[in-house]
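Undergrad: need coordinates for the following:
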Amino acid sequence: MDCLGIKIPSGSFEGTFRKYHTEFNLSGANELLEKAADAANKVIEGGQYSIYNAAGVNSYAALFYSVNSLPQEVILARKFSDALQIWHNVNYYTITASYGKPGLDKNLVDSYLMKDGTRFTDKANYQTMTFKEEILNRDPRLSQTIRTPGYKRIGGVATIPPNFGNSVTGYQLIKFVGDVKYDNFNRSENDMPIFRYAEVLLNYAEAKAELGILSQADIDKSIKLLRDRVGMPNLNLEQVKSNPDAFLTKDYTNVNGDMKGGT
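TA: Below is the predicted model of the structure:
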């Protein structure tokens with residue numbers, strides 16, 4: 001499994017690099033993508049890992065704030081432990097106004113779909129919406145990534161509004177932020193996932209799409225499982241192929257062909 005875990009992302013990365021960086025005259029792009037897809041399929045068919053759903057609607061967020069990594073989905077993680085005096089600084093770095101102040105880029109926030117699977121960026125006024133307007137009815141993973149109205153700290157009871165001053169972009173990160181008891185400098189001990197089963201599924205679909213052979217059956221065994229976790233409808237391949245996302249197309253100008261919408 002360890003070897004497959006390395007082969008999947010490395011094959012996808014190097015395969016797409018060789019495919020799109022033709023100036024280097026590197027051959028073997030398809031062979032690498034085929035190996036990545038095959039390795040991912042072996043992990044999928046092996047059944048050792050699955051998508052974590054035990055925390056209900058908060059299952060996606062739990063993957064990142066859980067003190068101990070969740071082995072159902074997390075294939076590889078970096079271990080932290082208060083008992084072993086091995087800590088990191090995510091809580092303090094993320095929530096302290098005078099420290100890191102990280103935030104998501106608006107372009108990334110805009111790329112999150114609506115909860116019904118439609119594109120947020122298909123809305124005529126999406127660029128001028130207020131924060132309160134733009135986060136309504138979005139992919140639930142957005143509110144498990146940035147602070148939105150209704151947010152409660154783990155270990156806290158009060159509802160806390162977004163603090164725009166604590167983020168350089170206004171989109172304040174909550175991913176990896178743990179219990180309030182870890183808010184002191186360099187005292188967080190939640191494990192850091194490095195490679196998850198979800199990434200295996202995404203790499204599988206990506207490799208198939210880059211090879212031009214992605215099918216609805218492939219979507220159903222990969223992307224669908226990730227959307228099911230947050231109650232979103234499945235991706236319809238024929239629909240996205242016939243109507244590629246214009247917003248994403250601007251960022252991926254080299255992608256073309258029949259699979260442009262799928263990729």
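
Undergrad: rest of the way, CA atoms for contacts and neighbours
TA: OK.

Undergrad: hmm, Asn234 is touching Ile223, no?
TA: Yes. Counting by CA atoms under 8 Å, Asn234 does reach Ile223; the two are 7.4 Å apart.

Undergrad: now name the helix or strand holding Phe13.
TA: helix 2-20 (DSSP states H and E).

Undergrad: and for Ile75?
TA: strand 74-78.

Undergrad: rewinding a little: what comes up buried for the helix holding Phe13?
TA: 4-5, 7-13, 15-16, 18-19 (16 or more other CA atoms under 10 Å).

Undergrad: could you find the closest non-adjacent residue to Ile154?
TA: Asp179 (4.6 Å; CA to CA, 6 or more residues apart in numbering).

Undergrad: before we move on, the earlier item: closest one of the buried residues of helix 2-20 to Leu26?
TA: Nearest to Leu26 among those, counting by CA to CA, is Arg18 at 5.6 Å.

Undergrad: which residues of the stretch 1-150 of the chain score low on pLDDT?
TA: Scanning the stretch 1-150 of the chain for pLDDT under 70 picks out the ranges 1-2.

Undergrad: okay, helices next: where are they in it?
TA: Ranges of helices in the stretch 1-150 of the chain, per DSSP state H, counting those that start in this stretch, are 2-20, 29-46, 59-65, 90-95, 106-111, 131-134, 140-143.

Undergrad: mind listing what the strand holding Ile75 pairs with, with the direction of each?
TA: Under the criterion DSSP bridges, strand 74-78 sits next to strand 192-196 (antiparallel) in its sheet.

Undergrad: and the next helix or strand past the strand it pairs with?
TA: Downstream of strand 192-196, the first helix or strand assigned by DSSP H and E is helix 197-211.

Undergrad: right, I'll leave it there.
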